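Colleague: got a predicted structure plus its sequence, pasted below:
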Amino acid sequence: MRRTTAWRAVPGRLEQLIVIIRDPASAPAEYLRTPVGLFRDMTTHDPDMARFLLVEVVEVSAVGSSLVAACIPAPGAVGGALVTLRGADGAPAHITHGRRCTSGYDRRLEALGALGTLSVGNLPPDGAR
């Protein structure tokens, strides 16, 4: 998939993409007992978005952890994950997902371009982070 010219928000050629999605608490235990898993649950749309922004994805790797296993009832369940994609021109995209973020919802995207940076994220009610 090629990046379209419709995406004008990234200033200049994309050099790096960072996406962070973290939930404040794990999903309900009943939901987590299903064989969905974090990669199918949380990590579905962000790689598609990265594919839209990268020239063409030529490499994908992922790693998950169960460090927040105490809040996930399914054995071997993944509570956090890092996904890395690399575009044909070498531009990397890094996606972070987590089932527990004690500071609340954490949704951010940062696209670093040759001419500047686009940064988007949720704003906390008090404006502090």
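Modeller: Structure received. In this text, all values refer to a predicted model and were calculated from it rather than measured experimentally. Numbering: from 1, shown residues only.

Colleague: contacts for stretch 19-29 next, please.
Modeller: 32, 41-42, 46, 49-50, 68, 71-73, 79, 93-109 (CB atoms under 8 Å, 6 or more residues apart in numbering). No exception for glycine: its C-beta is placed from N, CA and C like everyone else's.

Colleague: flag every buried residue along the helix or strand where Arg40 lies.
Modeller: Using DSSP states H and E, Arg40 maps to helix 37-41. Residues of helix 37-41 classed as buried by neighbour count (16 or more other CB atoms under 10 Å): Gly37, Leu38, Asp41.

Colleague: same question for stretch 42-53.
Modeller: Using 16+ other CB under 10 Å as the test for burial, stretch 42-53 gives Met42, Thr43, Asp46, Pro47, Ala50, Arg51, Leu53.

Colleague: could you find the closest non-adjacent residue to the first one?
Modeller: It stands for Met42. By the measure of CB to CB, 6 or more residues apart in numbering, the closest residue to Met42 outside its immediate chain neighbours is His97, 4.5 Å from it.

Colleague: ok but that neighbour is inside a helix, no?
Modeller: No. Counting by DSSP: H, G, I helix; E, B strand; the rest coil, His97 falls outside a helix, being strand.

Colleague: near it, how many other residues are there?
Modeller: Neighbour count for His97, taken as other CB atoms under 10 Å: 23.

Colleague: and it, what does it touch?
Modeller: Each residue near His97 by CB under 8 Å, 6+ apart is listed here: Ile21, Arg22, Leu38, Met42, Thr43, Asp46, Gly80, Ala81, Val83.
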